[in-house]
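Trainee: Need a 3D model of the sequence below.
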Amino acid sequence: MLSIFRNRRRATLRRLPVPEAWRGIVARRVPAVAGLSEADRAELFGHIHVLLTEKRFAGCGGLEMTDEVRITIAAQAALLLLHRNTSYFRGLHSILVYPGSYVAPVSEEQDDGTVIEGPEAREGESWHEGSLVLSWADVVEGAADPHDGYNLVLHEFAHQLDAETGDENGTPRLESRSQYQSWRRIMTREYESLCAAVEAGRETILDPYGAESPAEFFAVATEAFFERPRNLRMRHPELYDQLRRYYRQDPDRGA
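Mentor: Residues are numbered from 1 along each chain as shown. Sure thing, here's the model as predicted:
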């Protein structure tokens with residue numbers, strides 16, 4: 001009964017009119033949206049309505065939370081939801097936004113078993129349950145050029161999709177057993193290929209950070225899929241096809 005009510009509420013939110021101020025913010029801050037079809041833009045604004053209603057946006061480190069910040073982030077996150085049945089990043093409740101990079105405590109185990117602890121500057125991070133943290137300066141930079149392969153919001157919200165299975169391991173929730181089999185075979189091969197390229201110092205269109213783990217590989221592959229689709233399709237056609245099937249979009253063809 002609860003899910004029926006929630007779905008009805010979301011459907012109502014998606015039908016709400018779009019304030020002109022929102023359109024102005026998206027046109028100014030998220031140029032990638034201009035390349036969408038009229039139907040996709042309408043769907044995207046519907047998703048923005050839901051995200052702004054269901055998620056708490058909070059400014060940290062002196063950042064004032066405004067519609068400019070909320071809508072710029074929500075519009076990019078909504079790109080990941082087009083054409084799909086979605087739970088709207090089910091485990092996510094709060095988006096915390098700092099003015100720029102912030103310092104977080106880290107604990108890292110070395111190969112010899114020793115543990116190094118200390119502060120680390122970060123631009124963003126995604127937690128399995130509850131919150132996602134972003135640097136506003138990096139949000140703006142990532143959105144400004146929709147073809148540079150770097151987008152902090154797409155990266156961190158891809159982690160949220162990955163975590164919907166309960167384990168952030170580079171495999172989001174898929175639709176069938178055969179799709180899981182195909183995904184694991186191709187993504188494992190592509191991840192190992194990136195690791196080998198990074199180890200050898202070879203240039204790659206995928207961010208080398210993707211070699212850190214399968215979860216990071218999925219996140220950087222998502223960035224490349226939306227921002228450098230032609231290059232990704234040409235260099236990694238099977239990887240592109242897996243992401244095309246998952247996101248139900250074909251950004252290389254504008255569909």
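
Trainee: Tell me, domain by domain, which residues of the chain belong where.
Mentor: Domain assignment for the chain by automatic domain parsing gives 1-143, 169-255.

Trainee: Quick one: those domains as CSV, columns for mean neighbour count, mean pLDDT and distance to Tyr150 too.
Mentor: C-beta coordinates here come from the backbone N, C-alpha and C atoms, glycine included. Compiled in CSV, those are given as follows (neighbours: other C-beta atoms under 10 Å; pLDDT from 0 to 100; distance: least, C-beta to C-beta, whole Å):
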stretch, mean neighbour count, mean pLDDT, distance to Tyr150
domain 1-143, 16, 90, 5
domain 169-255, 17, 95, 6
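
Trainee: Among those domains, which comes closest to Asn151?
Mentor: domain 1-143 (4.1 Å; C-beta to C-beta).

Trainee: one step back: tell me which of the domains of the chain lies nearest to Phe157.
Mentor: Of all the domains of the chain, domain 1-143 comes closest under C-beta to C-beta, at 4.6 Å.

Trainee: chain center to the closest one, what's the gap?
Mentor: Computed by C-alpha atoms, centre = their mean, to the nearest Å, the chain-centroid distance of domain 1-143 equals 8 Å.

Trainee: so Ala197 touches Thr204, yeah?
Mentor: Yes: taking C-beta atoms under 8 Å as the definition, Ala197 is a contact partner of Thr204 at 4.9 Å.

Trainee: quick revisit: how about TSV for the domains of the chain, with distance to Phe157 added?
Mentor: Formatted as TSV, the domains of the chain follow (distance: least, C-beta to C-beta, whole Å):
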stretch	distance to Phe157
domain 1-143	5
domain 169-255	9
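
Trainee: Quick check: which of those is nearest to Gln160?
Mentor: Per C-beta to C-beta, nearest to Gln160 of the domains of the chain: domain 1-143, 4.4 Å.

Trainee: Helices along the stretch 51-200 of the chain, start to end?
Mentor: Taking DSSP state H, counting those that start in this stretch to define them, one finds helices in the stretch 51-200 of the chain at 67-79, 136-144, 152-163, 177-200.

Trainee: Distance to Val18 for the ones you listed - can I get that in a markdown table?
Mentor: Listed next are the helices of the stretch 51-200 of the chain as a markdown table, based on distance: least, C-beta to C-beta, whole Å:
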| stretch | distance to Val18 |
| --- | --- |
| helix 67-79 | 10 |
| helix 136-144 | 19 |
| helix 152-163 | 20 |
| helix 177-200 | 34 |
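
Trainee: Looking at these, which is nearest to Gly100?
Mentor: Nearest to Gly100, of these and by C-beta to C-beta, is helix 136-144 at 4.3 Å.

Trainee: Give me the contact list for the closest one.
Mentor: For helix 136-144, contacts defined as C-beta atoms under 8 Å, 6 or more residues apart in numbering pick out 29-32, 63, 69, 72-73, 76, 97-101, 123-124, 150-154.

Trainee: cutoff 7 Å now
Mentor: Contacting residues not belonging to helix 136-144 are listed as 29-30, 63, 69, 72-73, 76, 97-100, 123-124, 150-153 [C-beta atoms under 7 Å, 6 or more residues apart in numbering].

Trainee: ditto for stretch 246-255
Mentor: Applying C-beta under 7 Å, 6+ apart, the contact partners of stretch 246-255 are 35, 80, 82-84, 172, 174, 225-226, 229-230, 233, 244.

Trainee: Give me the three-state assignment for the closest residue to Ala34 other than its chain neighbours.
Mentor: Nearest residue to Ala34, sequence neighbours excluded (C-beta to C-beta, 6 or more residues apart in numbering): Ala27, at 6.9 Å. What DSSP: H, G, I helix; E, B strand; the rest coil gives for Ala27 is helix.

Trainee: Report the contact partners of the most centrally placed residue in the chain.
Mentor: Central residue of the chain (C-alpha atoms, centre = their mean): Leu154, 2.7 Å from the mean position. Leu154 makes contacts with Gln76, Leu79, Leu80, Thr222, Glu223, Phe226, as judged by C-beta under 7 Å, 6+ apart.

Trainee: Done for today, thanks.
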